[in-house]
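Visitor: compute the structure for the input listed below.
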Amino acid sequence: MYCRRLLTIALLLGLSMVSVSGPANAWEFSMSGVFTWLYEVRGQNGVNGFFGTYDQAQASGVNSVTYSSPPPPYLSPLSSTSLNGIGIAAPYNFYVGGYHNANVSSAGVWNVSPASMGGTASRRAGGESIVSGSDANWMIFYMSTDMKVTINQAVSIEGNYYIGSWNSPNYSTSVGLMTPSGVLDQDSPGVQRSISPGYWRTLWVSAQLPWGKITLGKRPAEFGMGLQYDGSDNRSLESLSFTGMYGPLQMGGSVYIARRGYATDDYGTTAVWYNERADKNNTRSFDFIFPRVKYHAGDVSAGFFCSWQFKHFGGEGVLNDPNKYVAGTRGVQARDVGEQWGILYFKYNNGRFFLNSEYDYDRITERRSGSLPADAISRNQAFPVLDTQHDSGAVEIGALYGPAKISVLGAWFTGDDYRYTQVAGGSLYRVEVTSGKQSDTWSNVTVFRPYSYLMIYGYGLGTSIARDTGEGFVQDASVYAAKLDYAVAANLNVYGSFTWAERFSKSGDIMGCLLPNPGPFVAPFSGSVVYIKGFNSVRAEPIPTIPDTSLGWEIDSGFEWKLLEDLTAMGTIGYWVPGKWFSYACVDKSIPNWALPASGVARGHYNVNPDKTIDPIWGTEFKVKASF
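Guide: Residues are numbered from 1 along each chain as shown. Here you go, the predicted structure:
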């Protein structure tokens with residue numbers, strides 16, 4: 001009897017085990033990441049800075065902010081209590097560039113009053129800064145972790161978790177307190193003090209269905225070489241995407257069901273009168289990518305896609321009828337914008353020779369009507385419809401021979417084209433006819449960083465700093481570069497590179513378009529740099545555009561040394577000689593009222609000294625990366 005019971009129990013247990021030993025449905029978790037420690041130092045070989053000779057400055061002309069006696073401590077022992085005094089901006093010496101700045105607001109917006117500037121100033125984002133000496137340095141660390149949860153064979157969730165020093169998560173401030181987000185070594189001493197709240201930068205779900213793959217959520221957007229879609233650096237997609245696989249061919253598209261731009265566009269301060277998150281002002285009527293095609297087989301990879309977008313700025317109930325607008329009425333301006341993007345790329349790599357190429361275009365058609373902003377009616381008199389187009393392209397070729405690799409790059413990005421026209425009342429309006437400038441997140445850092453550490457990555461060729469990273473990228477320029485890599489050992493690679501750059505457009509940037517921020521602050525100035533896009537209304541002589549296109553040349557050298565498995569040390573040394581374009585673009589602080597463009601127009605020098613010499617810039621970057 002006992003044996004039968006024992007056999008019965010054993011049989012039941014065996015059947016139970018068989019019944020639960022079917023296909024496994026438990027989810028799986030995988031993780032990989034990189035911890036980075038970074039030290040950088042940049043300096044200038046001399047006292048001839050971008051904005052004039054070190055430790056010299058005349059009155060700026062705009063900071064006429066006077067304090068009651070006694071003056072604040074930061075003005076002592078100055079004899080004057082005015083921020084407009086001679087020499088107040090003298091410590092504005094070495095212009096560091098756009099990478100890393102802990103004393104500029106993370107939103108990247110400087111308090112520049114267009115009225116005080118004499119026109120419309122473009123508030124450029126990024127952590128650009130000026131220091132009081134001839135060099136600057138910083139040391140930070142951060143960690144980026146990619147995680148994936150595989151729910152079953154068809155569904156997975158992926159994301160990136162980042163540890164740095166971050167602001168609150170919203171559109172304008174969900175960026176690092178430094179750019180890119182990192183922890184300064186002196187900011188959080190003591191093991192009881194948090195160094196970072198940690199943030200999810202991307203998070204998306206993918207589902208493999210019988211007819212294709214669906215993706216939802218925020219994820220990196222990569223396509224081609226990365227001239228526009230540089231997801232390895234900063235470009236993202238948040239759309240609903242679908243992809244079908246047909247052997248080596250991928251076909252699909254994506255769509256934003258609901259997406260808005262800035263909530264306050266063409267509404268000004270009236271945005272506080274309605275629900276910004278739900279109101280349909282600035283909502284895109286449609287925004288989709290179709291078709292999106294990729295082909296990959298053997299040595300060849302190619303693809304193309306087209307993007308279509310239309311958006312309406314203005315109240316949902318305000319129709320595009322000029323007869324219904326009343327001058328001076330708030331919140332009635334309307335603007336309809338249609339945009340088309342296209343990308344075509346081709347790549348070839350047989351293990352010895354490689355070719356990467358890409359062509360992009362971006363066409364925007366804009367129609368305006370209404371009474372806001374103040375110059376809208378005058379703009380319509382000159383250009384009722386603006387049709388602008390941006391084109392860019394790049395070709396990179398190279399070869400491997402033994403331990404050596406040589407790469408050559410040529411890239412071209414069209415630039416701005418501005419025209420002056422006279423309208424009613426005698427005003428001269430400078431209107432953007434063709435735009436070559438990309439938005440902040442269209443960085444192409446991954447393409448150019450291997451060639452240029454300072455001129456492009458550090459300074460963005462003077463005008464192009466990505467909002468979220470503080471890293472420079474290329475627009476409105478022709479770039480030619482070459483790089484030689486040599487594997488000294490299996491774990492050690494050394495390289496050298498040369499880069500030459502020219503501004504593409506001669507009708508884009510005006511003389512004196514770069515200047516230290518002179519807006520009134522609670523302390524003298526801000527240590528940041530303002531880029532003036534142009535002036536919509538100028539009643540005097542128009543400010544001429546910069547005639548010289550030379551942005552300079554740069555030579556770099558560096559190494560990548562694999563110390564241990566998953567532990568790598570990297571270093572770069574760069575030397576950049578700025579071109580003549582910067583002598584025209586950067587105001588000279590030795591000129592009285594250097595921050596007032598109108599004063600320069602009246603005197604015929606536009607607050608610049610084209611004959612000034614800007615001393616070369618040098619820099620060193622050293623990184624240690626631990627991968628897991």
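Visitor: the residue lying closest to Ile591 once chain neighbours are set aside: what secondary structure?
Guide: Counting by Cβ to Cβ, 6 or more residues apart in numbering, the nearest residue to Ile591 once its immediate chain neighbours are dropped is Asn607, at 5.2 Å. For the C-beta atoms, the positions are set from N, CA and C on the backbone; glycine is no exception. Assigned with DSSP: H, G, I helix; E, B strand; the rest coil, Asn607 falls in the coil class.
Visitor: count the neighbours of Leu596 for me.
Guide: Counted with other Cβ atoms under 10 Å, the neighbours of Leu596 add up to 21.
Visitor: does it really touch Gly512, like I thought?
Guide: No: counting by Cβ atoms under 8 Å, Leu596 stays clear of Gly512, with 9.9 Å between them.
Visitor: what do these two both touch?
Guide: For the pair Leu596 and Gly512, residues contacting each of them under the criterion Cβ atoms under 8 Å, 6 or more residues apart in numbering are Asn607.
Visitor: helices of this structure, residue ranges please.
Guide: 2-19, 114-117, 376-382, 445-448, 581-585, 597-603 (DSSP state H).
Visitor: what about dumping the CA coordinates of the last one to CSV?
Guide: Going back to what we said before, that points to helix 597-603. Provided in CSV are the C-alpha atoms of helix 597-603 (Å, rounded to 0.1, in the frame of the first residue of the first chain):
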residue,chain,number,x,y,z
PRO,A,597,24.3,97.8,-33.5
ALA,A,598,22.5,101.0,-34.4
SER,A,599,25.5,103.1,-33.1
GLY,A,600,27.8,101.1,-35.3
VAL,A,601,25.7,101.6,-38.3
ALA,A,602,25.6,105.4,-37.8
ARG,A,603,29.4,105.4,-37.5
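Visitor: which parts of it are buried?
Guide: By neighbour count on 16 or more other Cβ atoms under 10 Å, the buried set for helix 597-603 is 597-601.
Visitor: and which of these is nearest to Phe310?
Guide: Using Cβ to Cβ, Pro597 comes nearest to Phe310 of those, at 35.6 Å.
Visitor: roughly how far does that closest one sit from Ile151?
Guide: Remark: distance between Pro597 and Ile151 (Cβ to Cβ, to the nearest Å) = 59 Å.
Visitor: what's the answer for Phe622, then?
Guide: When Cβ to Cβ is applied, the distance between Phe622 and Ile151 equals 41 Å.
Visitor: likewise for Gly133?
Guide: The separation that Gly133 has from Ile151, given Cβ to Cβ, amounts to 55 Å.
Visitor: who's more crowded, these two?
Guide: Each of Gly133 and Ile151 had its neighbours counted (other Cβ under 10 Å), and the higher figure belongs to Ile151 (14 against 11).
Visitor: just give the closest residue to that one, not the sequence neighbours.
Guide: Trp27 (5.0 Å).
Visitor: contacting residues for the one you found?
Guide: For Trp27, the residues meeting the contact criterion (Cβ under 8 Å, 6+ apart) are 149-152.
Visitor: cool, Phe504 as well?
Guide: Taking Cβ under 8 Å, 6+ apart as the contact definition, Phe504 lies against 412-415, 436, 476-478, 549.
Visitor: all strands of the stretch 351-500 of the chain, in order?
Guide: Ranges of strands within the stretch 351-500 of the chain are 353-369, 385-401, 404-413, 417-422, 428-434, 477-489, 492-503, based on DSSP state E, counting those that start in this stretch.
Visitor: average pLDDT for the shortest one?
Guide: Taken as a whole, strand 417-422 carries a mean pLDDT of 65.
Visitor: now do stretch 153-170
Guide: With pLDDT averaged residue by residue, stretch 153-170 scores 80.
Visitor: got the buried residues for that stretch?
Guide: Within stretch 153-170, the residues scored as buried using 16+ other Cβ under 10 Å are 156-167.
Visitor: and stretch 409-420, by the same measure?
Guide: Neighbour-count burial for stretch 409-420, counted by 16+ other Cβ under 10 Å, picks out 409, 411-418.
Visitor: just the CA coordinates for that stretch, please, in PDB.
Guide: Extracted in PDB, the C-alpha atoms of stretch 409-420 (Å, rounded to 0.1, in the frame of the first residue of the first chain):
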ATOM      1  CA  LEU A 409      35.300  64.000 -45.800                       C
ATOM      2  CA  GLY A 410      33.600  66.700 -47.800                       C
ATOM      3  CA  ALA A 411      30.300  68.300 -46.600                       C
ATOM      4  CA  TRP A 412      28.200  71.200 -47.900                       C
ATOM      5  CA  PHE A 413      25.300  72.900 -46.100                       C
ATOM      6  CA  THR A 414      23.500  75.900 -47.700                       C
ATOM      7  CA  GLY A 415      23.100  79.000 -45.700                       C
ATOM      8  CA  ASP A 416      20.700  81.900 -45.000                       C
ATOM      9  CA  ASP A 417      19.800  84.400 -47.700                       C
ATOM     10  CA  TYR A 418      18.500  87.700 -46.400                       C
ATOM     11  CA  ARG A 419      17.100  90.600 -48.500                       C
ATOM     12  CA  TYR A 420      16.500  94.200 -47.600                       C
END
